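Novice: heads up, no residue letters with this:
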């Protein structure tokens, strides 16, 4: 009897003396993201896998609406000192996040957590978008896409035109010829449509042809940058598109993707430029004709076209949490970059895998032989080493600038302005935005 | 002799209105004051650094030709919405005020659109009038041979959002006009009819003047509606495009503040918007109300 009592006391004493951490609940990491529906489910699965893989941390993912809403939720939470650990922010918000003083740079987070990451094994065209001017990674790339050109195979066949190459871009002149044939023969009501015109026809056009979008290395090297899109080459490109409207080689379908996609699906246009994330959407809805994808067209004078630039979002780590929690964040980010996760993400959503390892692994498994569409964007992104001009854009009030460009382009399409006037005005108006932004952070 | 109740305690009335005062202060005056303060600042969205810049945000706005254009667009838009919805509301109310067989049913059905949220109304009209997939738009193009393209043509876009915004407001106006008409003594109209006044004459000389308080009230409400609540329509239908031709003030506040995170400019815009609407309402009360005949 006495022995039994002794035994109990010992158990209790030993139990109390044990470090609290054994009984402590795992550390919670909050992640606010903008991924909904199908992508949201993929994100949830990734989180579940992480939580199941270890017991120290629990990641809680919360969808906060679309990109704008998620960023706003993050800003409001930060002001109220209730910010999540990880916030997903779209690429145009990069400059604002970088200058906010509210973030814990990812390269530093990884260093402090003692994790050795070989950044050279990542896709450089993706990383470079989120690096500071010293080449240090500020946020973790998450979902990255790039524009490519979809086309109606049936229409080309009818005109006796061979399918386009998936790696070698056609020239704009060639595209013009094809569109002319298709329209003149009455095969297609119009030649091409484009989604996200500012992103595809000006931002990416500039990157691919190594033309400065803005001074100071597209804004990477200073807030006192100015837009350069009113240069003769971009003006010539917009003039060409304007001319193409007249003979129906180009039709305008709206600023975003819905209108242009509808035109392509209704077979009103033979070519359709949109993000690689369009692959999934077309697979779902383009049932009554054959379609394929090719890299974006390139000018004949550009012998070695540069990489295209990305769109999408990255994960920012916000300040104001404990060391232990940051250790969890670092573990989670590292987990997300594993081959298993990146391959799963890429296969389910069509967004790029962010590491070369994952890409090569998929390649060796023959994934791209089965899904050649998925490789079009990657090879376009990897075909050249990014220059200081093609690595990305780093502008303040970029959302407004895109709006301005969209507005001015619409004024070109409906004939209110000449391309030169519109692009001059777009640059002028954007520069005013940039000056206000500069003044805010000076 | 009117019986007045009065309170023994001097403080009780203040205590009783306190909840309302607190609600008004927290949800109206406090944010308005914050907006006013913010409009003099340049600050980053995270609120880490902000600078007092006097009237910089205002000067930037008024030296921007597009902002002035946006003010003009707002006036054109709200006037068209008010005119369309008031005249159609009045017309329908006059028609429905006659003895119909299924009066109750007709009235109920006519009130329904008011229950539709502006954003939904926008989507519905978009389905009808979108140049690529709108049924009516295809009809306009194929049957009438007209070039209808609200995606590219500013005037078409303006017509489309005006219809989508006015449609819903017609029901609202209808209800008030209907109620107003029923308050008009039948004897007046009958007397006029006996004197040989035509229906049109009776409407203009008797019904309309007696409806003027309702008309005035509705014109104020419609202007306020078209300034603020039409946000949902613009957001779903045009997003301010094409080429900024439907970018009304309230949408610009949202775009610059919520999407673009330029808090200073956005606040300045909302202060201007607030002043404008106060000014318009004051003008309406000062000048238009004089012509209103209140009875009873």
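Specialist: Yep, that arrived. All values derive from a computational prediction rather than experimental measurement.
Novice: Helix, strand, or coil at residue A:163?
Specialist: Here residue A:163 is recorded as coil under DSSP: H, G, I helix; E, B strand; the rest coil.
Novice: residues contacting the nearest residue to residue A:205 once chain neighbours are set aside?
Specialist: Nearest non-adjacent residue to residue A:205, counting by Cβ to Cβ, 6 or more residues apart in numbering or on different chains: residue A:237, 5.9 Å away. For the C-beta atoms, the positions are set from N, CA and C on the backbone; glycine is no exception. Listed by Cβ atoms under 8 Å, 6 or more residues apart in numbering or on different chains, the contact partners of residue A:237 are A:172, A:201, A:205, A:299.
Novice: Contacts for the helix or strand hosting the third one next, please.
Specialist: So the one you mean is residue A:205. Residue A:205 belongs to helix A:204-208 when elements are defined using DSSP states H and E. Contact with helix A:204-208 is made by A:146-147, A:211-213, A:229, A:234, A:237, A:296, A:298, A:302, A:305-309, A:389-390, as judged by Cβ under 8 Å, 6+ apart.
Novice: With stretch A:347-357 instead?
Specialist: Residues from elsewhere that reach stretch A:347-357 (Cβ under 8 Å, 6+ apart): A:38-39, A:42, A:121-123, A:126-127, A:141-146, A:276-277, A:279-280, A:310, A:312, A:337, A:339, A:342-343, A:345-346, A:359, A:362, A:367, A:374, A:377-378, A:381.
Novice: Show me which of those are buried.
Specialist: Buried members of the contacts of stretch A:347-357, counted by 16 or more other Cβ atoms under 10 Å in any protein chain shown: A:39, A:42, A:122-123, A:126-127, A:141-146, A:276-277, A:279, A:310, A:312, A:337, A:342-343, A:345-346, A:359, A:362, A:367, A:374, A:377-378, A:381.
Novice: Next step: those residues restricted to helices.
Specialist: A:39, A:42, A:126-127, A:279, A:342-343, A:345-346, A:359, A:362, A:367, A:374, A:377-378, A:381 (DSSP state H).
Novice: quick one: the strands in the chain?
Specialist: Chain wasn't specified; assuming chain A. A:27-33, A:57-63, A:86-90, A:140-145, A:147-152, A:190-194, A:269-275, A:291-294, A:311-317 (DSSP state E).
Novice: oops, I was thinking of chain B
Specialist: Going by DSSP E, chain B shows strands at B:41-43, B:50-52.
Novice: Redo those strands as JSON lines? Include mean neighbour count.
Specialist: JSON lines is the format used below for the strands of chain B (neighbours: other Cβ atoms under 10 Å in any protein chain shown):
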{"stretch": "strand B:41-43", "mean neighbour count": "20"}
{"stretch": "strand B:50-52", "mean neighbour count": "14"}
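Novice: Can you name the residues of the stretch 251-400 of chain A sitting close to chain B?
Specialist: Residues of the stretch 251-400 of chain A lying near chain B by Cβ under 8 Å from any Cβ of the partner chain: A:252-255, A:259, A:262-263, A:266, A:268, A:397, A:399-400.
Novice: hmm, 6 Å instead?
Specialist: Counting by Cβ under 6 Å from any Cβ of the partner chain, the stretch 251-400 of chain A comes close to chain B at A:252, A:254, A:262-263, A:397, A:399-400.
Novice: Can you flag which of those belong to helices?
Specialist: Those of these mapping onto helices are A:262-263, A:399-400, per DSSP H.
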